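1. predicted model follows, preceded by the sequence.
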Amino acid sequence: MNFKKALEERTEYANSVINKYLLKEEGYQKKVIEAVNYSILAGGKRLRPILMKETFDIFNGKGEVVEPFMAAIEMIHTYSLVHDDLPAMDNDKYRRGKKTTWLVYGEDMGILAGDALLNLSVETALKAFDIDFENKNLSKALKILLNKSGIYGMLGGQVLDVELTGKKIDNKQLDFIFRLKTAAMIESSMMIGAVLAGADDNTVSQIEKIGNKVGVAFQIRDDILDVTGDEIELGKPVKSDEKNNKSTYVTLYGIEQSQKDVDRLSSEAIDIMKSLNIEDEFLTSLILKLVGRNK
């Protein structure tokens, strides 16, 4: 398998799905819609929709019912970045190599664009009912999407992250932040793909564990890159955590141990895949690529 070509094809497909659900820039709401579209079209790996579709295919999912959820999860991810970049949060001026949404459209419109993306994500996911109204798994998938992005998921992790900025942090608190702020949405991506394909509850539970390990490894690698990465290659400022006086995995454990833990977690994720008899060369290669990435 040519991994680079396979990734490009999947990224192109994810982008085409997302584009289907973007709003026309018109009416009195035109400016906020422009800000929404600017945010989501600024690029990105499209990791979450790609993981969702790949998992859907692994479990022999049929039809287009997964597509609204693919777009929805990328909207949620993008809203979290838009709000994360705001002056009240990380005060970042560049994201994905472009000026951040609030810097282009103003802080007020940045807040509203994030709000709009979150609401639009639910409206978009609900369109799956128009595709397959009788699919009994749709409500289960919607519940996962909302739970994993809310108070007991991504948002909850962000809350603790903000509260502990500038304060000493212990490993339990950092683990909580990583599991919720980053890993929860990776879990969600893979779980929804499996659920929509009709996987049983036990299998979905194992998929959740894979997503957790991949998500935590992804965030640890992100912390490493914040110290060692190249700003141009990353498309965002480096040493952002240091600037904001945030404790990270690297500050607690050092770069060498951090990378060892990234490798261990990714290996454990692949072991769970093997226990489920999942033989997907692309997914295995993607996991290994993510933990060794430079951007």
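-> Everything's here; your move. Given the structure is predicted, the values throughout are model-derived calculations rather than measurements.
2. all contacts plus neighbour counts: C-alpha atoms, from now on.
-> Fine.
3. buried residues, stretch 28-38. List them.
-> Of the residues in stretch 28-38, those with enough neighbours to count as buried (16 or more other C-alpha atoms under 10 Å) are Val32, Ile33, Glu34, Ala35, Val36, Asn37, Tyr38.
4. for Ser149, see how far away Ala269 is.
-> Counting by C-alpha to C-alpha, to the nearest Å, the gap from Ala269 to Ser149 is 22 Å.
5. same drill for those two, tell me which one is more crowded.
-> Ser149 (24 against 21; other C-alpha atoms under 10 Å).
6. before we move on, back to that, please flag which of the buried residues of stretch 28-38 sit within helices.
-> Val32, Ile33, Glu34, Ala35, Val36, Asn37, Tyr38 (DSSP state H).
7. report the buried residues of the helix or strand containing Leu225.
-> When secondary structure is defined by DSSP states H and E, Leu225 falls within helix 201-228. Buried residues in helix 201-228, counted by 16+ other C-alpha under 10 Å: 204, 206-227.
8. can you check stretch 7-23 too?
-> With the criterion 16+ other C-alpha under 10 Å, stretch 7-23 contains buried residues Leu7, Arg10, Thr11, Tyr13, Ala14, Asn15, Val17, Ile18, Tyr21, Leu22.
9. so how far is it from its chain's centroid?
-> Relative to the chain's own centre, stretch 7-23 is displaced by 15 Å; criterion: C-alpha atoms, centre = their mean, to the nearest Å.
10. tell me the pLDDT of Lys236.
-> Predicted confidence (pLDDT) at Lys236: the value is 50.
11. returning to that earlier point: closest one of the buried residues of stretch 7-23 to Leu160?
-> Distance from Leu160 was checked for each of these by C-alpha to C-alpha. The minimum falls on Ile18, at 30.3 Å.
12. list the contacts for that closest one?
-> The contact partners of Ile18, taken as C-alpha atoms under 8 Å, 6 or more residues apart in numbering, are Met70, Ala71, Glu74.
13. could you rerun that using 6 Å?
-> Going by C-alpha atoms under 6 Å, 6 or more residues apart in numbering, Ile18 touches Ala71.
14. repeat for Ala14
-> With contacts defined as C-alpha under 6 Å, 6+ apart, Ala14 is in contact with no residue.
15. from Met70, how far out is it?
-> According to C-alpha to C-alpha, Ala14 stands 7 Å off from Met70.
16. including pLDDT, secondary structure and distance to Thr251, could the buried residues of stretch 7-23 go into a markdown table?
-> Compiled in a markdown table, these are given as follows (pLDDT from 0 to 100; DSSP: H, G, I helix; E, B strand; the rest coil; distance: C-alpha to C-alpha, whole Å):
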| residue | pLDDT | secondary structure | distance to Thr251 |
| --- | --- | --- | --- |
| Leu7 | 97 | helix | 32 |
| Arg10 | 98 | helix | 35 |
| Thr11 | 98 | helix | 33 |
| Tyr13 | 98 | helix | 38 |
| Ala14 | 98 | helix | 35 |
| Asn15 | 98 | helix | 36 |
| Val17 | 98 | helix | 39 |
| Ile18 | 98 | helix | 37 |
| Tyr21 | 98 | coil | 40 |
| Leu22 | 97 | coil | 40 |
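17. can you list those residues in a markdown table and add distance to Lys181?
-> Formatted as a markdown table, the buried residues of stretch 7-23 follow (distance: C-alpha to C-alpha, whole Å):
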| residue | distance to Lys181 |
| --- | --- |
| Leu7 | 25 |
| Arg10 | 25 |
| Thr11 | 23 |
| Tyr13 | 26 |
| Ala14 | 23 |
| Asn15 | 24 |
| Val17 | 25 |
| Ile18 | 23 |
| Tyr21 | 25 |
| Leu22 | 25 |
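18. now, which of those residues sits nearest Val104?
-> Taking C-alpha to C-alpha as the measure, Val104 sits nearest to Leu22 out of the buried residues of stretch 7-23, at 19.2 Å.
19. for that closest one, what are phi and psi?
-> Its backbone dihedrals place Leu22 at phi -80, psi 160, with angles given as degrees, to the nearest 10.
20. understood, closing this out.
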